[in-house]
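Enquirer: Fold the following.
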Amino acid sequence: MMSRNTGLSLSSEADQIRQSIQDILTTPIGSRIMRRNYGSLLPRLIDAPFNEITRLQLYAATATALIQWENRINLESISIDILDQGKFILDLKVTVVDSNQNESLSIPLNFGAIS
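Expert: Presented below is the predicted three-dimensional model:
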């Protein structure tokens, strides 16, 4: 698999999975031609105030999308680190199915307004 940023080959399976997860979570459902169900509901939450309800919706949208579209992992846990207003890191603990290896993946997200 090729890096979307550099065009070079991604060296590890963890890097490939991380890039795939970023693609899944940042692609709005319905935006891919010939693959209308691909993506997640996270882009719909962009302008939502970041409160406990939105946090729960974010967890649910993340889990649903990854269970459906990333079959190389089993999702163990999801947490959010708030960096700044509208900027977050989604921390995922996953088990890679083929190797049964545990991985911690950090996915940067830009999200809606803080309430």
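
Enquirer: Buried residues, the helix or strand containing L92. List them.
Expert: Assigned by DSSP states H and E, L92 belongs to strand 87-96. Buried residues in strand 87-96, defined by neighbour count with 16 or more other C-beta atoms under 10 Å: 88, 90, 92, 94. All C-beta spots, glycine's among them, are computed from the backbone N, C-alpha and C.

Enquirer: so what strands line up beside it?
Expert: Strand 87-96 has the following strand partners under DSSP bridges: strand 73-84 (antiparallel), strand 101-110 (antiparallel).

Enquirer: Contacts for the first one next, please.
Expert: The one in question is strand 73-84. Residues from elsewhere that reach strand 73-84 (C-beta atoms under 8 Å, 6 or more residues apart in numbering): 17, 50, 55, 58-59, 62-63, 66-67, 88-97, 102-103.

Enquirer: I'd like to know how many residues surround R44.
Expert: 12 (other C-beta atoms under 10 Å).

Enquirer: Correct me if wrong: it contacts G30.
Expert: No - using C-beta atoms under 8 Å, R44 makes no contact with G30, being 10.2 Å away.

Enquirer: Nothing else from me, thank you.
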